[in-house]
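K.L.:
build me a model from this:
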Amino acid sequence: MSPAESDSVAAPAKRIEFDDPHANMQEAEVTRVRTLRGGWRWALVVATAVTILLCINQQFSLRFFLGYTQLNTEYFYLLIALMLPFTFLIFPGTGSAPLDRIPWYDILLFVVTFACAILLMRSVRKAAEAGWEFGGAPTDVIVAGIIMWVALMEALRRTGGWSLLLSVLPFTVYPLFADAKWLGPFRGTQSTLEQATSYHVLSGESLLGIPIQAFADTVIGFLVFGTALMMTGAGKFFINLAFALCGTFRGGAAKVCIFASGLLGMMSGSIISNVLTAGTMTIPVMKKSGFRASYAGAIEACASTGAVLAPPVMGATAFVIAQFLNVSYADVALAALIPATLYYIGLFMQVDSYAARHGLKGIPRAELPKVWDTIKDGWYYVFVIALLIVMLLYFKRESHAPFYATALLLVLNQLFSKDTRWTPTTISKFLEINGRTFVELVGILAGCGLLIGAFSMTGVVSSLANDLLRIAGDNAFLLLGMCAITSLILGLGLTTTACYIFLAILVAPALEKLGLNRMAVHMFIFYWGMLSSITPPVAIASFAAAGIAGSPAMKTGWESMWVGSIIYFIPFFFVLNPALVLQGPSPYLEALGLMALVGFGTLFICGGIQGYQAFVGDLRKAGALEWPLRGLLVVGGFVVATPGGGINPLSQMQVTLLGLGILIPTALVALLLVRRQALAPSNRLHAP
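P.N.:
Numbers count the residues shown, from 1 in each chain. Have a look, this model is predicted:
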């Protein structure tokens, strides 16, 4: 849709527009949270401001502390001291705890946690010099460490729920009885309570390990950028642009949903905020266009799930992956590019087939925002995103990039936007929103860090990898299947980040020992752990979308699995050939060919799933052969999309020919039956 075309129609009385630049700041009431007021709110605002300034000081080496060079471990503990205590104020301890006031015991937990974090922060320099993490720490440090250990587990329970606590807690205390015979393959080096506490709170492998390092080095900057982007009107711009470009196509409302949620997700990295932002606008329009409520909710849930998959700004897990692999965040973002693209292409194909099968039209042009007017309102976002991408991919400065991009965004916003210019009130709201996000992430990441420390202490990971290989009989496909099922099951009870950390420790080494590419292995684990957001019984994205759509939650969850089914296949594709995550000797050229094959195969997978095959027609016209043909289209499409070579015993040519051998006769039979039915006037089909 060109600007000329969009301007050629007279403006109607009311256009579809998204006008709330702060809409994504709605609370995702997945857990009960307490809104801080008065002095406590200002304490959170100040603590958040100090956290951001500390991060800027550390990343840019500004030397805020005159005459004093801060160690990384001291910096990490300062962040914990500033953010972790607020967990007990924002997240109530029980379902019956008051939300309108803060009980005395939560204030006590706040004070004790802050005091212990400061004491440990003041001890880590001496601990590094004297080797206290391996024993010999003073009694006050040990006591503070035990209290911090308990506080971390309670913070984990409040932020992640009982399932996360019960998954992590046994492993954090596991070093205390690691030599027990009944542990079998988990048997390792045993530690005393003093040794375990010292290692957990003073070493760089546990509390101060990979998750908190990722948060302190890169996550803070990207969260600040994402919040600033949304609070300068990006939600309005991206959604209006999606309506202007895609609204008139077949099933246009759903395609707008995918496009808008993809654009927003690239910036926010948050699945739930994506659902609440785009879904409040796209779901009602989809229902009005003829999509049933549960299907509209499912499309939004699947489109928003891409928020943690699509670069440049992905979820917190992507930064943890970078720390685990000891690579730059830009490398992880590049690796995610092709899988995310294939996922959204698959969603578009699903929606197009569904719309064609059910005769769903686009939105009239007169009801849509104009392309040129939309671009005029938000043109400066293009320069901000360009700066971010250049800083990430060309200069490789992922810790600096979000701060430069945020600075440019705020300057341009103040100069060119009348509606979203920031005031002191906006700044305090910005800090409060970031603070609440920081608090939740620190509560989860710090607690999960103890999981890494426990396995590091006992030295059991290497032997466990060998045991898994022995169970799988060195069969890569069996081990991948075991990993996928385990990831999905763990993901049902854990956050994506916690699930990834579990499997990166336990399963990834075994897969790597089989010779699989490290980046592909870690992305595989990440994808399968994330699938719980659309997979019942948890399906948090689907349930949030169901609330907006007014549809049954579980029905929306099952529809989400159906609509987003391509995402269950994609991880296997890039493990079989890591060129799809831009790994290997000549990945770019090879990736283009593989993308074409996966895209071609996906066209038939979606056609089979939805019952309408592009270039063939509505498969209901095939009569009794409809379901056999649909099954063959899915199988043939999957075979064509599957990379050959590597651990696959068939070459790429053999795999492709086998897939075409299934697809060509199936498509021809389907085409013949559909055309014959269309030519029979007495057998007219009425869509339900």
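K.L.:
top helix in this structure by residue count?
P.N.:
For the chain, the longest helix by residue count, based on DSSP state H, is helix 424-458.
K.L.:
that one: what's the following helix or strand?
P.N.:
helix 461-472 (DSSP states H and E).
K.L.:
buried residues in stretch 351-369, which are they?
P.N.:
351-358, 360, 362-363, 365, 367-369 (16 or more other C-beta atoms under 10 Å). The way it works is simple: take the backbone N, C-alpha and C, and place the C-beta from them, glycine included.
K.L.:
also stretch 624-633?
P.N.:
Applying 16+ other C-beta under 10 Å to stretch 624-633 flags 626, 629-630, 632-633 as buried.
K.L.:
now do that stretch: distance to the chain's middle.
P.N.:
34 Å (C-alpha atoms, centre = their mean, to the nearest Å).
K.L.:
can you tell me what sits against it?
P.N.:
604-605, 607-609, 611, 613, 619-620, 622, 662-663, 666-667, 669-670, 673 (C-beta atoms under 8 Å, 6 or more residues apart in numbering).
K.L.:
report the mean per-residue pLDDT for that stretch.
P.N.:
Averaged across stretch 624-633, pLDDT comes to 95.
K.L.:
just for the protein, where's the confidence low?
P.N.:
1-31, 65-68, 492-493, 680-688 (pLDDT under 70).
K.L.:
residue ranges of each domain in it, please.
P.N.:
For the chain, the structural domains run 31-203, 585-688, going by automatic domain parsing.
K.L.:
tell me which element the closest residue to T437 other than its chain neighbours is part of?
P.N.:
Excluding the flanking residues, the one nearest T437 by C-beta to C-beta, 6 or more residues apart in numbering is L223, at 5.6 Å. Using DSSP H and E, the element containing L223 is helix 220-230.
K.L.:
how distant is that helix from the center of its chain?
P.N.:
15 Å.
K.L.:
likewise for stretch 652-659?
P.N.:
33 Å.
K.L.:
please apply the same query to stretch 625-638.
P.N.:
31 Å.
K.L.:
any idea how many residues pack against the closest residue to S399 other than its chain neighbours?
P.N.:
Once flanking residues are discounted, S399 sits nearest to Q59: 4.6 Å by C-beta to C-beta, 6+ apart. Counted with other C-beta atoms under 10 Å, residues neighbouring Q59 total 19.
K.L.:
can you pull the contacts of Q59?
P.N.:
217, 221, 399-400, 403.
K.L.:
which of the buried residues of stretch 624-633 fall in helices?
P.N.:
626, 629-630, 632-633.
K.L.:
measure Y588 to L119 for me?
P.N.:
As for Y588, its distance to L119 is 52 Å (criterion: C-beta to C-beta, to the nearest Å).
K.L.:
of those two, which one has the most company?
P.N.:
L119 (18 against 9).
K.L.:
report the secondary structure state of the more buried one.
P.N.:
helix (DSSP: H, G, I helix; E, B strand; the rest coil).
K.L.:
these two touch, right, it and I142?
P.N.:
No. Using C-beta atoms under 8 Å, L119 makes no contact with I142, being 11.0 Å away.
K.L.:
if you count neighbours, what's buried in stretch 153-170?
P.N.:
Here stretch 153-170 shows 153-161, 163-165, 167-169 as buried, counting by 16+ other C-beta under 10 Å.
K.L.:
now it - C-alpha only, PDB.
P.N.:
What follows is stretch 153-170, C-alpha atoms only, in PDB (Å, rounded to 0.1, in the frame of the first residue of the first chain):
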ATOM      1  CA  MET A 153      14.800 -18.600  48.000                       C
ATOM      2  CA  GLU A 154      11.900 -16.600  49.400                       C
ATOM      3  CA  ALA A 155      12.400 -14.000  46.700                       C
ATOM      4  CA  LEU A 156      12.400 -16.800  44.100                       C
ATOM      5  CA  ARG A 157       9.100 -18.100  45.500                       C
ATOM      6  CA  ARG A 158       7.400 -14.700  45.400                       C
ATOM      7  CA  THR A 159       8.500 -13.800  41.900                       C
ATOM      8  CA  GLY A 160       8.500 -17.300  40.200                       C
ATOM      9  CA  GLY A 161       6.000 -19.200  42.400                       C
ATOM     10  CA  TRP A 162       6.200 -22.400  44.300                       C
ATOM     11  CA  SER A 163       7.100 -24.500  41.200                       C
ATOM     12  CA  LEU A 164      10.300 -22.500  40.600                       C
ATOM     13  CA  LEU A 165      11.300 -22.600  44.300                       C
ATOM     14  CA  LEU A 166      10.700 -26.400  44.500                       C
ATOM     15  CA  SER A 167      12.700 -26.900  41.300                       C
ATOM     16  CA  VAL A 168      15.700 -24.700  42.500                       C
ATOM     17  CA  LEU A 169      15.900 -25.200  46.300                       C
ATOM     18  CA  PRO A 170      16.800 -28.900  46.300                       C
END
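K.L.:
spell out the residue ranges of the helices in the stretch 51-200 of the chain.
P.N.:
Counting by DSSP state H, counting those that start in this stretch, the stretch 51-200 of the chain has helices at residues 72-83, 87-90, 104-130, 139-160, 162-173, 193-202.
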